[in-house]
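[1] structure of the sequence below:
(one chain, ligands or ions: 1)
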Amino acid sequence: MRRYQCFIGGQWRQPASGDYFESFDPFLAQPWALIPRCDARDVDAAVAAARQALEQGEWANMHPSQRGQLLRRFGDLIARDADHLARIEVQDNGKLYAEMRGQVGYIPQWFHYFGGLADKVEGAVVPIDKPDMFTYTRHEPVGVVAAITPWNSPLLLATWKLAPALAAGCTIVIKPSEFTSASTIELMRLVEEAGFPPGVLNVVTGFGADVGEPLTSHKGVDKIAFTGGENSGRHVLRNAAQTFKRTTLELGGKSAQLVFPDADLDNAVKGVVSGIFAATGQTCIAGSRLLVHESIHDAFLDKFVALARTARMGDPMNMDTQVGPVTTKPQYQRVLSCIAMAREEGAECVMGGKPADRPECGQGWFVEPTVFAGVNNAMRIAQEEVFGPVLSVIKFREDDEAYAVANDTAYGLAAGVWTNDQRRAFTAARRLRAGTVWTNTYRAVSYMAPFGGFKASGIGRESGQDAIMEYLETKCVWMSY
Ligand code: NAD
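    Alright, predicted model coming up:
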């Protein structure tokens, strides 16, 4: 079995504990790699290395243009090794190889884009209202960043943090999910090859309690960039409050897809199917509530089920596979328990609703794509994030009612609107309380487009020009002359 090491201060190291834990291949339901079981001692070492790199030496004195060059080189190396990284992620996470080739192929764009921004951060001269005074601002790196990522898209979500943080001149300690650490560790080989000075990027692996807690409460950390579940997010925010660390949180979602009667139904069906079943529903933006107008409800559902039933499940490495396994065993059990809960609440299961019993799924953790009709938005299945291939269908009559139901959730990450009426599209975009609204499309993301949540879906934005500001402090300098 492959045995990984942690990466601290530019060195590959065993964890202080000397212990390792297994990482599983979800298609085979078998362990395939050993991951270092780090603890507070490794966190201390990594934060010290990051602080040293921040304050002294090559990185601390590097011109932003040079930092930009390093980022672009790093992006090029990721592009070169995209196939290897994609395969690691498929093995560790169960994501489809076809999807990962696209995703890892796109990741370099973040490093190129933020590399380009590194030397375009400018302060301002303030036209101050005092005589004989010169006042200007400068933007400085916020400091040592703790980046914490979940298991569902390890490389992409690490990228969303690393690219702007590095462009801003920060140094980073990254803790990937205990379920999917391998690809982030593999990325560190490219960090070395690109020539980042030691300590600029460090990886400590392990569990939330052993590594996440000491990292987010560490006095040497200035900023936390966290993606994960709501409960962990709450812990992180509480820890951050002790020393008022800057915090970006990307949390969960219960995103609504609104299908209006004037929509192109075939297009909407395709968008809603991929919006919920892509990545086996394990995306924060999963369109897990379908709000469909009563006049087209039955026709839409028939088309939806007809298409969703054709989804090919099986080996994620197979280019034809459309739905892969659930990534972790606990998540597999959680999805099944949510399905049982929906049944108990009286929702009508019109498709799936059970583990996939298909030979091509082998021993993997597969759940059939599942659709519940007759859902009322007050039910738990409509309110709780399942993070799996489970869609709840809710009927509506009036547009206002659709917006009210869509917004009646603790979350506010994303929404989809399917309509051919321009006025309706603009109105919906304004009325929906979500960080992203897609119209006649779903799931598109870009390094250029800000991404983040309203309400319990998080704090702050990733990607887009402004994301670099999440990693900078503004200093105001006054000079009397
Ligand atoms: P999780 O919260 O269980 O774990 C996320 C990370 O936090 C892991 O690295 C984990 O070890 C760490 N962690 C756990 N407890 C911690 C603690 N007390 N202190 C510090 N760190 C701790 O989430 P998950 O199950 O890995 O991921 C699924 C969740 O992530 C879903 O809710 C999903 O919606 C969310 N997510 C959000 C986005 C987004 O951009 N909004 C993207 C992807 C996933």
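[2] could you use CA atoms for every contact and neighbour count after this?
    OK.
[3] who are the packing partners of the helix or strand harbouring D298?
    For D298, the element it lies in under DSSP states H and E is helix 297-308. On a contact count with 3 or more Cα pairs under 8 Å, 6 or more residues apart in numbering; DSSP states H and E, helix 297-308 meets helix 265-277.
[4] CA atoms of the helix it packs on as CSV?
    Provided in CSV are the C-alpha atoms of helix 265-277 (Å, rounded to 0.1, in the frame of the first residue of the first chain):
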residue,chain,number,x,y,z
LEU,A,265,-38.3,21.5,-20.7
ASP,A,266,-35.8,19.2,-22.4
ASN,A,267,-33.0,21.6,-21.6
ALA,A,268,-34.2,22.0,-18.0
VAL,A,269,-34.5,18.3,-17.5
LYS,A,270,-30.9,17.8,-18.5
GLY,A,271,-29.8,20.7,-16.3
VAL,A,272,-31.7,19.4,-13.2
VAL,A,273,-30.5,15.8,-13.7
SER,A,274,-26.8,16.9,-13.8
GLY,A,275,-27.4,19.5,-11.1
ILE,A,276,-28.3,16.8,-8.6
PHE,A,277,-26.7,13.6,-9.8
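[5] can you give the distance of that helix from its chain's centre?
    21 Å (Cα atoms, centre = their mean, to the nearest Å).
[6] got the buried residues for that helix?
    Of the residues in helix 265-277, 265, 268-277 count as buried by neighbour count, 16 or more other Cα atoms under 10 Å.
[7] send the alpha carbons of stretch 339-354 over as CSV?
    The C-alpha coordinates for stretch 339-354 follow below in CSV (Å, rounded to 0.1, in the frame of the first residue of the first chain):
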residue,chain,number,x,y,z
ILE,A,339,-33.8,8.3,2.2
ALA,A,340,-35.4,6.4,5.1
MET,A,341,-36.3,9.7,6.8
ALA,A,342,-38.0,11.0,3.7
ARG,A,343,-40.1,7.9,3.4
GLU,A,344,-41.1,8.3,7.1
GLU,A,345,-42.1,11.9,6.5
GLY,A,346,-44.5,10.7,3.8
ALA,A,347,-42.5,11.8,0.6
GLU,A,348,-43.2,9.6,-2.4
CYS,A,349,-40.2,7.8,-3.8
VAL,A,350,-40.6,7.7,-7.6
MET,A,351,-37.2,6.5,-8.4
GLY,A,352,-34.2,4.8,-6.7
GLY,A,353,-34.4,4.9,-3.0
LYS,A,354,-31.9,2.1,-2.3
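[8] from what I see, T419 and D266 are in contact.
    No - the pair T419 / D266 is not scored as a contact, 11.8 Å apart, by Cα atoms under 8 Å.
[9] could you name every residue contacting both of the two?
    Common neighbours of T419 and D266, counting by Cα atoms under 8 Å, 6 or more residues apart in numbering, are absent.
[10] that older thread, CA atoms of the helix holding D298 as CSV?
    What follows is helix 297-308, C-alpha atoms only, in CSV (Å, rounded to 0.1, in the frame of the first residue of the first chain):
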residue,chain,number,x,y,z
HIS,A,297,-45.1,19.0,-12.9
ASP,A,298,-46.2,15.6,-14.3
ALA,A,299,-44.7,16.1,-17.7
PHE,A,300,-41.4,17.3,-16.3
LEU,A,301,-41.2,14.5,-13.8
ASP,A,302,-41.9,11.9,-16.5
LYS,A,303,-39.1,13.3,-18.7
PHE,A,304,-36.8,13.6,-15.7
VAL,A,305,-37.2,10.0,-14.5
ALA,A,306,-36.9,8.7,-18.1
LEU,A,307,-33.5,10.5,-18.5
ALA,A,308,-32.2,9.8,-15.0
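[11] is the ligand contacted by whatever helix or strand comes next after that helix?
    Using DSSP H and E, the helix or strand that follows helix 297-308 in sequence is helix 329-344. No - judged by Cα under 6 Å from any ligand atom, helix 329-344 and the ligand are separated, with a smallest distance of 7.9 Å.
[12] list the contacts of A429.
    Counting by Cα under 8 Å, 6+ apart, A429 has contacts V437.
[13] check it and give its pLDDT.
    Per-residue pLDDT puts A429 at 98.
[14] in what helix or strand does it lie?
    With DSSP H and E as the test, A429 turns up in helix 422-431.
[15] what number of residues lie near W160?
    W160: 23 surrounding residues under other Cα atoms under 10 Å.
[16] quick check, it in a helix?
    Yes - checked against DSSP: H, G, I helix; E, B strand; the rest coil, W160 lies within a helix.
[17] quick one, phi psi at E462?
    Per-residue torsions, E462: phi -120, psi 160 (degrees, to the nearest 10).
[18] hang on, isn't it packed against W160?
    Yes - E462 sits in contact with W160 when judged by Cα under 8 Å, with a separation of 6.1 Å.
[19] look up the closest residue to I128, ignoring the ones flanking it.
    T135 (6.5 Å; Cα to Cα, 6 or more residues apart in numbering).
[20] element containing the one you found?
    Taking DSSP H and E as the definition, T135 sits inside strand 133-141.
[21] and the contacts of that strand?
    121-128, 168-170, 471-481.
[22] what comes up buried for it?
    Buried-residue list, strand 133-141, by 16+ other Cα under 10 Å: 135-136, 139-141.
[23] quick one: residues contacting the most centrally placed residue in the chain.
    Most central in the chain under Cα atoms, centre = their mean is L157, positioned 4.4 Å from the mean C-alpha point. By Cα under 8 Å, 6+ apart, the contact list for L157 reads 149-150, 227.
[24] in TSV: those residues, plus distance to the ligand, neighbour count and pLDDT.
    Shown next, in TSV, are the contacts of L157 (distance: Cα to the nearest ligand atom, whole Å; neighbours: other Cα atoms under 10 Å; pLDDT from 0 to 100):
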residue	distance to the ligand	neighbour count	pLDDT
T149	5	26	98
P150	3	21	98
T227	5	27	98
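[25] looking at these, which are in strands?
    Within the contacts of L157, residues falling in strands by DSSP state E are T227.
[26] the ligand contacts on the stretch 251-400 of the chain?
    251-253, 283-284.
[27] before we move on, what about the stretch 51-200 of the chain?
    Near the ligand, when you scan the stretch 51-200 of the chain using Cα under 6 Å from any ligand atom, you find 148-151, 175-178.
[28] circling back to that earlier point, next SSE downstream of the helix holding A429?
    Next element after helix 422-431 (DSSP H and E): strand 436-439.
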